[in-house]
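1. structure for this input, please:
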Amino acid sequence: DLTTPDLAENIIKGVCKVLSVTILRYQDAASRTLVLDFVKILFPKYPSTVAKTVHATILDSLGGWRNTTPTKSLAKPSLAALAWSCAVTDENSLKDDGKKIIDIQSLLCGVIFAAGGRTVKEKARSVLDNCWSKDDVLSLYSEVLIKSDPSLNLAILGSQLLDYLAPKKPEDAGKVKTFLMEIVTKTLIMSKTKLSKTSMKSLEPFLKQITLEEFKNQVLPVMSKSLLRSPEIALSVVSVILESVSIDLSSFAPDLGKTFCTSLRSKDDTIREDASEALTALSKNCSDQAALEKLLDLVFSSLEGKDGKISLNTVKVSHLTSVGGLAISVPAAALSALAVLVTKRFAKFLKEETHEATVLSALEQFSKWTSKYASSLPDEFITCVTNGLTDKNSSSAIKCGYLMCLTASLSSWTRISAVPLAKTLMKMVEAGKLQSAQVPLGTEAVMAGACLLTIVQGEDTSVELGPLLDIATDTEKCAFYQDKF
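-> Numbers count the residues shown, from 1 in each chain. Okay, here's the model as predicted:
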């Protein structure tokens, strides 16, 4: 009975310890709210005992999650435990046991903000905001946090605190930001073990507040050192940082690009994948076209053997994937001009490459750029597609790859410039008609026919569609409608 005055301390402790069984057992909101309300009723009557026991209970139950990969299934129990912790956190409890409270809340936030869904994260932020809005809590909370032992989980909690502090208490926000910068540069970037990307992405509220000068003078030197020492560990952390900052990275693109291209030549698949992601992240925050051109030149030069001939096809594919990733991440204003430059480099590569799987990968990535032409198709593209479609050594899959590139390039403002390809396309349609039983030829014919129809759509051209329409409407042979096809 909570109305009974002066219950023995051991009774209060026993009751709070029993609550631990509900963290994982109670899954519905109503049951969890019931427990939280009970804690809120108990706390004002026995503040010191309840605060210490609740946090000890949470640590006993969930402390093992510190070394566990965060998952969605762990996020909801963590949210329930965070609500308990914040409900019993006040000025006195922070003075008595502040470091332990921050440690527990950072552990819970590390799970929630790394793996929780949008709703869970919003509820967690609301719980934290309510805790920080209590009288005399915010400054003391900040003071305790910056005296705690650095860790990724603490940085996640600190990022949320910084986001809350920035508009309210700039002085305290400055201290927290300085502390977080030390964690990132001294602990996270220089980590000797690979860190979770999802956990690193939870630092976004802090990373977005990094200025150009801070990045240049504090982050970049440490980043460069770590990339040289252990790229297999540092690349994933670096890619998240580059993607999350809100500054223009154009001036740093050449040097960072060289480092990433070196990693693209690694025999380790994971390192190449991380390097490709880092290049994509870097390009997203580059507004200068010259810097983006330099990045593309670095990747293509490496692919072409400037730093030594590449013998592994998987390494070539990693380079090609990086080029394709840049088409998605590069700012729209620079895409059209860059697409023309990329076309020249792809045309050269496709002319020299003989390995079919590598050629197919190149065409797949090339198609991401061909959709970016602004006014007309470059002459190099017309020549490249013509040679690819007429080359006797081109397999059906490769020809279809070229047709996919052409399909991606055709739009209301580029299709008129594709008229020179019409004769080549029509020959493919007729070849498909003559050997309609062969599925590969039928596939080529259908794709070529679709391109022809797009080229002449709404345009006054000299392209004659009669043969194509005759084949498509021939109900006896049904060249394009067979069961095999």
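2. please enumerate the helices of the stretch 201-350 of the chain.
-> 204-207, 212-214, 220-229, 231-244, 253-264, 269-284, 289-303, 313-329, 332-352 (DSSP state H, counting those that start in this stretch).
3. as a markdown table, the ones you listed with mean neighbour count, distance to A448 and mean pLDDT would be great.
-> To be clear about C-beta, it is placed using only N, CA and C from the backbone, and glycine gets the same treatment. Formatted as a markdown table, these follow (neighbours: other Cβ atoms under 10 Å; distance: least, Cβ to Cβ, whole Å; pLDDT from 0 to 100):
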| stretch | mean neighbour count | distance to A448 | mean pLDDT |
| --- | --- | --- | --- |
| helix 204-207 | 21 | 47 | 96 |
| helix 212-214 | 13 | 51 | 96 |
| helix 220-229 | 16 | 47 | 95 |
| helix 231-244 | 23 | 40 | 95 |
| helix 253-264 | 21 | 35 | 94 |
| helix 269-284 | 22 | 33 | 94 |
| helix 289-303 | 20 | 29 | 94 |
| helix 313-329 | 21 | 24 | 93 |
| helix 332-352 | 17 | 19 | 91 |
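4. tabulate those helices in a markdown table, adding columns for distance to K192.
-> Putting those into a markdown table (distance: least, Cβ to Cβ, whole Å) gives the following:
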| stretch | distance to K192 |
| --- | --- |
| helix 204-207 | 22 |
| helix 212-214 | 24 |
| helix 220-229 | 10 |
| helix 231-244 | 7 |
| helix 253-264 | 18 |
| helix 269-284 | 16 |
| helix 289-303 | 28 |
| helix 313-329 | 25 |
| helix 332-352 | 38 |
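5. so which of the ones you listed is nearest T69?
-> helix 231-244 (14.3 Å; Cβ to Cβ).
6. on contacts alone, who are the packing partners of that closest one?
-> Applying 3 or more Cβ pairs under 8 Å, 6 or more residues apart in numbering; DSSP states H and E, we find helix 231-244 packed against helix 197-201, helix 204-207, helix 220-229, helix 253-264, helix 269-284.
7. try 7 Å
-> Packed against helix 231-244 by the contact rule (3 or more Cβ pairs under 7 Å, 6 or more residues apart in numbering; DSSP states H and E) you find helix 197-201, helix 204-207, helix 220-229, helix 269-284.
8. helix 313-329 and that one, what's the angle between them?
-> 10 degrees (axes from the mean of the first three to the mean of the last three Cα atoms, to 10 degrees).
9. what sits up against helix 231-244?
-> 188-189, 191-195, 197, 200-201, 204, 207-208, 219, 223, 226-227, 249, 263, 268, 271, 274-275, 277-278, 281-282, 284-285 (Cβ atoms under 7 Å, 6 or more residues apart in numbering).
10. any idea of the angle the helix or strand harbouring D163 forms with helix 231-244?
-> Element membership for D163, per DSSP states H and E: helix 152-165. For helix 152-165 against helix 231-244, the angle by the same axes, to 10 degrees is 10 degrees.
11. counting by contacts, list what helix 152-165 packs against.
-> Helix 152-165 packs on helix 91-115, helix 118-132, helix 138-145, helix 170-182, helix 204-207, going by 3+ Cβ pairs under 7 Å, 6+ apart.
12. CA atoms of it as CSV?
-> The C-alpha trace of helix 152-165 is given here as CSV (Å, rounded to 0.1, in the frame of the first residue of the first chain):
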residue,chain,number,x,y,z
LEU,A,152,29.9,5.2,-29.0
ASN,A,153,26.8,4.9,-26.9
LEU,A,154,27.7,8.0,-24.9
ALA,A,155,28.2,9.9,-28.1
ILE,A,156,24.8,8.9,-29.3
LEU,A,157,23.2,10.2,-26.1
GLY,A,158,25.3,13.3,-26.3
SER,A,159,24.2,14.0,-29.9
GLN,A,160,20.6,14.0,-28.8
LEU,A,161,21.5,16.3,-25.8
LEU,A,162,23.4,18.7,-28.1
ASP,A,163,20.4,18.9,-30.4
TYR,A,164,18.2,19.8,-27.4
LEU,A,165,20.8,22.3,-25.9
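13. ok, K194 to A332 distance?
-> Here K194 is placed at a distance of 34 Å from A332 (Cβ to Cβ, to the nearest Å).
14. can you check K76 too?
-> Counting by Cβ to Cβ, the gap from K76 to A332 is 39 Å.
15. which secondary element of this protein has the worst mean pLDDT?
-> helix 466-473 (a mean of 66; mean pLDDT, DSSP states H and E).
16. for the helices and strands packed on helix 152-165, give me TSV that also has distance to L36.
-> Output for the helices and strands packed on helix 152-165, formatted as TSV (distance: least, Cβ to Cβ, whole Å):
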stretch	distance to L36
helix 91-115	14
helix 118-132	10
helix 138-145	20
helix 170-182	28
helix 204-207	26
